[in-house]
Each structure stands twice: as C-alpha cells, then as structure tokens.
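# got a predicted structure here, sequence first:
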Amino acid sequence: MDIIYPWLEEVDALILASPVYFYGLTAQVKAMIDRCQVFWNRSWKDPVKEDNAKKRGALIAVGATRGSKLFEGAILTSKYFFKALGMSYCRELLVRGVEAWGAVREHPEALIAAQNLGRELVFNRCHS
C-alpha cells in the first residue's frame, strides 16, 4: 500500500474493475479499499480541495448471474471508495452473464463500452 497510496492521491481518473462474487467485490479489491480508510479519515479533517473536484472514478464489474441486485453492493462500495479519495463517481459498466476467464470477449458491446468509458474519464466527459 505504501506504493499505491501516493499514486491514488495523484491520479485524475481511476477505474475500479472487479468480478462480483456473492453480490460484492472480490476480497482482494475490498482489502485494498479497506486499506484506504486513511483517506476517509483525512477527508473529515481536510475537506476535498477545489482541484480534487475534477477527479473522477468509474466501476467496471462482471458477474455470472443475472440477479437484479447483482451489482448493488459493488456500486455502493465503489461510490464510497471514490468519495474517500475525493473523486466524483462517474458511472459504471456492468456486464451480467460472464463467468469463465476471458468470457467477456463474447460481449463485444461491453468491450466497446469499456473503451468509451476510458475515453470519457480521460477527456472529463463523464456523466453520473
């Protein structure tokens, strides 16, 4: 995390990507988010500065099932993670029915949407 903390403070845009298991982000992603509690604590003492207001984050998540609430936990966790980093939550790209490694290749529309999301973040054209 000592390597990641400064990077998280410097980036203008960030995509959090994870498969969803049991309606939540993976344990590895959640552990990284939990270690960012330091940013949340800092935000109470030092509110987000003007220059941070342009920072933005987005979520890309895939899940095997087609449950209507499949991504709700991941979205909520991601929104608070970006808020702790002083970033606005841009939007998400969610793909259902992806289970096997590399299976997202069978969803060409999702790959195009991911490229478009990256462009939106880079050129600050995100719409919440």
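On my side now, so go ahead. Numbering: from 1, shown residues only.

# where do the strands sit along the chain?
If DSSP state E is used as the criterion, the strands of the chain fall at 13-21, 24-25, 56-63, 88-96.

# mind listing the strands the second one pairs with, and their directions?
Paired with strand 24-25 in the same sheet, following DSSP bridges, are strand 13-21 (antiparallel).

# so how far is the strand it pairs with from its chain's centroid?
Relative to its parent chain, strand 13-21 has a centroid offset of 5 Å by CA atoms, centre = their mean, to the nearest Å.

# stretch 14-28 too?
Distance, centroid of stretch 14-28 to centroid of chain: 9 Å (CA atoms, centre = their mean).

# between the two ends of it, what distance do you get?
Here the two ends of stretch 14-28 are set 17 Å apart, with distance taken as CA to CA, to the nearest Å.

# same thing with stretch 84-92?
The straight-line separation of the ends of stretch 84-92 (CA to CA) is 17 Å.

# with stretch 93-109 instead?
Start to finish, the residues bounding stretch 93-109 are 11 Å apart (CA to CA).
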